[in-house]
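**Student:** Compute the structure for the input listed below.
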Amino acid sequence: MRSPPPNRYRTAWAGDLRPGDVGADVRVAGWVHRRRDHGGLIFIDLRDRTGLLQLVFRPEEAPDAHAAAHGLRSEDVITAAGSLSPREEGTVNRGMSTGEVELSVTEMELLADSETPPFQIDEDTPVEEELRLRYRYLDLRRDQMRSAMELRGAITHTMRRHLHDQGFLEIETPILTRSTPEGARDYLVPSRLQRGSWYALPQSPQLFKQLLMVAGYERYFQIARCFRDEDFRADRQPEFTQLDVEMSFVEEDDVMRVCDQLLGAVLAVAGVEVSLPLERMAYDEVMLRYGTDRPDRRIGMDIHDLGAAFAGSEFKVFTSALASGGVVRGFRANGDFSRARLDELTERAKELGAKGLVWAVVESDGWRSPIAKFLSTEETADAGAELQAGEGDTLFIVADEERVAARVLGRLRIEVAGPPSGHDLFWVTDFPMFEWSDEESRWDALHHPFTAPQGDLDADPGTWRSRAYDVVMDGLEIGGGSIRIDRPDVQRKVFDALALSSEEATRRFGFLLEALRYGAPPHGGIAFGLDRVVALLGGRDSIRQVIAFPKTASGSDPMTGAPAPVGETQLRELGIRPSGAGSEGRA
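**Tutor:** Residues are numbered from 1 along each chain as shown. Model prediction:
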């Protein structure tokens, strides 16, 4: 970090001082992190953004400063000047980057005194999240939050620098736009000047970045704020940040090549090395082996198809599933499980939609399993060979519809795995274009309706594949993109497959459809979830831990009190009728 411009408050960052600076006259400023009174001497650990520095107050050298130090409390703000000295032998603190030096204070000024904080700032002890968010400005002072914000800043800077060097132009797109539903609910903003009309906050810059390609800008990126009114999870927030990228005159390989180099640079910020280019796996293989399109491959335990091993089995659960077009699949887990744990996993499989779960423990003389008597030696040998099972392993098998077996086994392999280590990144490619919605009896786009399809577009839409690609890291999708549709007739076919009428398509996306008629180049792009990337590289369980001012799981902000009612006058200005005597309103 560069030295600050000298002024009356500081001439150096506290955390940057080292033995090479000994003898220099220094002024530092920051917060009282910790105070220790050793009789005549007073020691204060001063904290600024760069770290800690020990200050020493000696009554014989600076009586006024020493007297003032007696009244200091944690989180008081001070500026102090003196000479930088080496610490005495035996007092060096190897746990601090500045642990070999200390500032012998000759002058100190109290800039602001602090009330007692509601939780300890100088310790990384657990604090209830509601309290942390209520006093987020204090929580952000703690080491764990400071390191997260520094990592986020470094990653964002690396993204910008790398893309600028690759000829990308950073362009901002609107925050107030038209509602064009993209899968989640929009946040709506009423217009005061056009009563009864509403803006929407963008779920992503998707349509605008495609328009920029039509406009001829060819290489665009943006660190974009996005908004989605959806239920919360550890990796979801109503407002989040993504790196948005789009390119013209490209195919899948071109986009993935740029992203490989970008990810290599970003991961290097956190000291993570990856082998480039990243591995690519087709969707069908990923679903077979892991049961999900965003698997954590670090835990192993690949899922295998056991249909061939049990094709002629006398166990009717297996043969019935196969006869009805279903599958028999399973995976091998190392080690034995208690009967109670096996019963729990069986119930868990049923909760996830399976009719049941078959388990078996491989022993020297065969399988120990409730269904062992129904299986021949040849069947268990063939299944064991397919699973590469050895004595002491436990096998988990599901016989059901393909998507049910994938979902259940994909979840169970995570629940029985130990904690993984390291990082794993790879591409998932060759997705289906659509997935069938039983609830609405129609096709839904697996990604979004502007993804370019491939295959026979006059055939059953269930046979279409998409030109989409996702980046998966440690069991989470951190980025997703596609080659886009650049022809109006192809876009119309996709809308037809989605049962979206011409009138509805024009109402929602008319400006994009019109733009495609004015010479749209082949183009594609990707968006990376910045919050997820920082959380994974920072070893955090939730993206709330890497966002400066996040919302709670219920969507509220304990610090500001948002969301909050507004006055009736303000509502009437917007053409919204207040509801009842309170200040809540509805359109």
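**Student:** so F310 makes contact with K316?
**Tutor:** No. Applying CB atoms under 8 Å, one finds F310 not in contact with K316, separated by 10.9 Å. In this view, the C-beta of every residue, glycine as well, is placed from N, C-alpha and C.
**Student:** Quick one: neighbours of R8, just the number.
**Tutor:** Burial of R8 is recorded as 10 neighbouring residues (other CB atoms under 10 Å).
**Student:** and it, what are its phi and psi?
**Tutor:** With angles defined as degrees, to the nearest 10, R8 sits at phi -70, psi -20.
**Student:** Contact partners for it?
**Tutor:** By CB atoms under 8 Å, 6 or more residues apart in numbering, the contact set of R8 is 27, 79.
**Student:** now do 7 Å
**Tutor:** Counting by CB atoms under 7 Å, 6 or more residues apart in numbering, R8 touches no other residue.
**Student:** Kindly report the same for V274.
**Tutor:** Taking CB under 7 Å, 6+ apart, we find V274 in contact with 263-264, 267, 425.
**Student:** gap between the strand ranked longest in the chain and the chain center?
**Tutor:** The single longest strand within the chain, with elements called by DSSP state E, is strand 25-38. Centre-to-centre, strand 25-38 and its host chain are 37 Å apart (CA atoms, centre = their mean, to the nearest Å).
**Student:** State the mean pLDDT of it.
**Tutor:** For strand 25-38, mean pLDDT is 96.
**Student:** cool, and stretch 317-331?
**Tutor:** 96.
**Student:** and what of stretch 539-551?
**Tutor:** When pLDDT is averaged over stretch 539-551, the result is 94.
**Student:** okay, it in PDB with CA atoms only?
**Tutor:** Extracted C-alpha coordinates of stretch 539-551, given in PDB (Å, rounded to 0.1, in the frame of the first residue of the first chain):
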ATOM      1  CA  GLY A 539     -13.000 -19.100   3.000                       C
ATOM      2  CA  ARG A 540     -16.400 -17.500   4.100                       C
ATOM      3  CA  ASP A 541     -19.600 -19.500   4.400                       C
ATOM      4  CA  SER A 542     -21.900 -16.700   3.200                       C
ATOM      5  CA  ILE A 543     -21.700 -13.800   0.800                       C
ATOM      6  CA  ARG A 544     -23.000 -11.600   3.600                       C
ATOM      7  CA  GLN A 545     -19.500 -11.900   5.100                       C
ATOM      8  CA  VAL A 546     -17.900 -10.300   2.100                       C
ATOM      9  CA  ILE A 547     -20.500  -7.500   1.400                       C
ATOM     10  CA  ALA A 548     -20.000  -4.200   3.300                       C
ATOM     11  CA  PHE A 549     -23.600  -3.600   4.100                       C
ATOM     12  CA  PRO A 550     -25.700  -6.700   3.400                       C
ATOM     13  CA  LYS A 551     -29.300  -7.600   4.300                       C
END
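**Student:** Dump the contacts of V274 to TSV, plus distance to L84 and neighbour count.
**Tutor:** Output for the contacts of V274, formatted as TSV (distance: CB to CB, whole Å; neighbours: other CB atoms under 10 Å):
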residue	distance to L84	neighbour count
L263	41	24
G264	39	18
L267	36	20
L425	44	22
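**Student:** Taking those residues, tell me the two that lie furthest apart.
**Tutor:** Farthest-apart pair in the contacts of V274 is G264 and L425; separation 9.7 Å (CB to CB).
**Student:** need the contact list for F396.
**Tutor:** 330-331, 333, 357, 359, 409, 412.
**Student:** taking those residues one by one, which sit in helices?
**Tutor:** Using DSSP state H, 409, 412 are the members of the contacts of F396 that sit in helices.
**Student:** Dump the contacts of F396 to TSV, plus neighbour count and distance to R297.
**Tutor:** Output for the contacts of F396, formatted as TSV (neighbours: other CB atoms under 10 Å; distance: CB to CB, whole Å):
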residue	neighbour count	distance to R297
G330	27	18
F331	25	13
A333	23	15
L357	22	23
W359	23	23
L409	28	15
L412	25	16
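**Student:** from the contacts of F396, which is closest to L342?
**Tutor:** Using CB to CB, those come closest to L342 at W359, 5.2 Å.
**Student:** Leaving out sequence neighbours, find the closest residue to that closest one.
**Tutor:** Nearest non-adjacent residue to W359, counting by CB to CB, 6 or more residues apart in numbering: L342, 5.2 Å away.
**Student:** got the buried residues for stretch 347-354?
**Tutor:** Residues of stretch 347-354 classed as buried by neighbour count (16 or more other CB atoms under 10 Å): 348-349, 352, 354.
**Student:** what do you get for stretch 479-496?
**Tutor:** In stretch 479-496, counting by 16+ other CB under 10 Å, buried: 479-486, 491, 493-495.
**Student:** quick one, strands of the stretch 451-587 of the chain?
**Tutor:** Secondary structure of the stretch 451-587 of the chain by DSSP state E, counting those that start in this stretch: the strands cover 453-454, 465-466, 468-473, 476-483, 523-529, 577-578, 585-586.
**Student:** Quick check: which of these is nearest to R195?
**Tutor:** strand 577-578 (11.5 Å).
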